[in-house]
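quick one, structure for this:
(one chain, ligands or ions: 1)
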Amino acid sequence: MSARVGVLALQGGVREHLTALASAGADGVPVADEAGLDGLAGLVLPGGESTTMGRLLARFALLDPLRAALADGLPVLGTCAGLVLLAREVTDGLPGQPLLGTLDIAVRRNAYGSQVASFEAELDLAGAPFPGVFIRAPRIERVGDGVEVLARGPAGEPVAVRQGGVLATSFHPELSGDERLHAYFLREVAGLPAVPA
Ligand SMILES: NC(=O)CC[C@H](N)C(=O)O
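Alright, predicted model coming up:
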């Protein structure tokens with residue numbers, strides 16, 4: 001049986017991550033409450049709207065259980081709004097915007113500007129080209145010492161980062177029909193079997 005990997009399903013692009021996880025060899029399951037966190041081998045925080053997602057996490061009493069699960073070492077992949085939620089610091093966050101704060105980076109939301117709010121760029125991910133789909137993307141403005149930069153954007157800014165069991169991208173790997181980043185998450189971050197190997 002393949003490993004169960006949750007996708008936080010309060011808001012945002014859930015289905016595409018479930019599909020990408022299935023292609024990469026995991027059993028993706030939507031998670032919308034605390035009980036859904038039980039027995040997961042990993043978790044994906046999807047793109048969407050981080051302020052809304054944070055409010056819903058608070059409303060559904062998921063903030064503390066999620067923080068506890070991450071502190072216990074649950075491997076997590078955050079994309080776009082999911083990256084914002086994971087960040088320690090959001091330089092233009094709304095007052096009181098709930099964050100998980102487990103990833104030592106500072107981000108600026110919607111920082112690529114209104115004219116070019118969405119774009120695609122070919123990225124170099126561990127020496128191989130990877131399609132980067134950026135939609136009202138957050139920009140990583142600072143990375144802490146323990147954070148590894150896996151890919152950089154057009155201006156050399158980090159767009160894929162990893163800190164131990166936390167992997168995050170400012171782009172949307174689930175929208176490019178290329179499951180290599182999900183496979184990397186499963187294999188290298190969560191220690192699970194994955195395809196492509
Ligand atoms: N595509 C996205 O996830 C956009 C993220 C959104 N701009 C935010 O700050 O939450």
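
mind checking how far the residue nearest the centre of the chain is from S176?
For the chain, G78 is the residue whose C-alpha lies nearest the centre (C-alpha atoms, centre = their mean; 1.0 Å). For G78, the distance to S176 equals 17 Å [C-beta to C-beta, to the nearest Å]. Where you see a C-beta, it was placed from the backbone N, CA and C, and this is true even at glycine.

hmm, back to that, got the contact list for the residue nearest to the centre of the chain?
Going by C-beta atoms under 8 Å, 6 or more residues apart in numbering, G78 touches V44, L45, V84, L85, L86, L103, V166, L167, A168, T169.

try it again at 6 Å.
Applying C-beta atoms under 6 Å, 6 or more residues apart in numbering to G78 gives the contacts L45, L86, A168.

any idea how far the ligand is from it?
For G78, the distance to the ligand equals 10 Å [C-beta to the nearest ligand atom, to the nearest Å].

likewise L85?
Counting by C-beta to the nearest ligand atom, the gap from L85 to the ligand is 8 Å.

burial measure for that residue, as a count.
29 (other C-beta atoms under 10 Å).

which residues touch the helix or strand containing it?
Using DSSP states H and E, L85 sits in helix 81-86. The contact list for helix 81-86 (C-beta under 6 Å, 6+ apart) reads 45-50, 53, 78, 100, 102-103, 107, 138, 168, 170.
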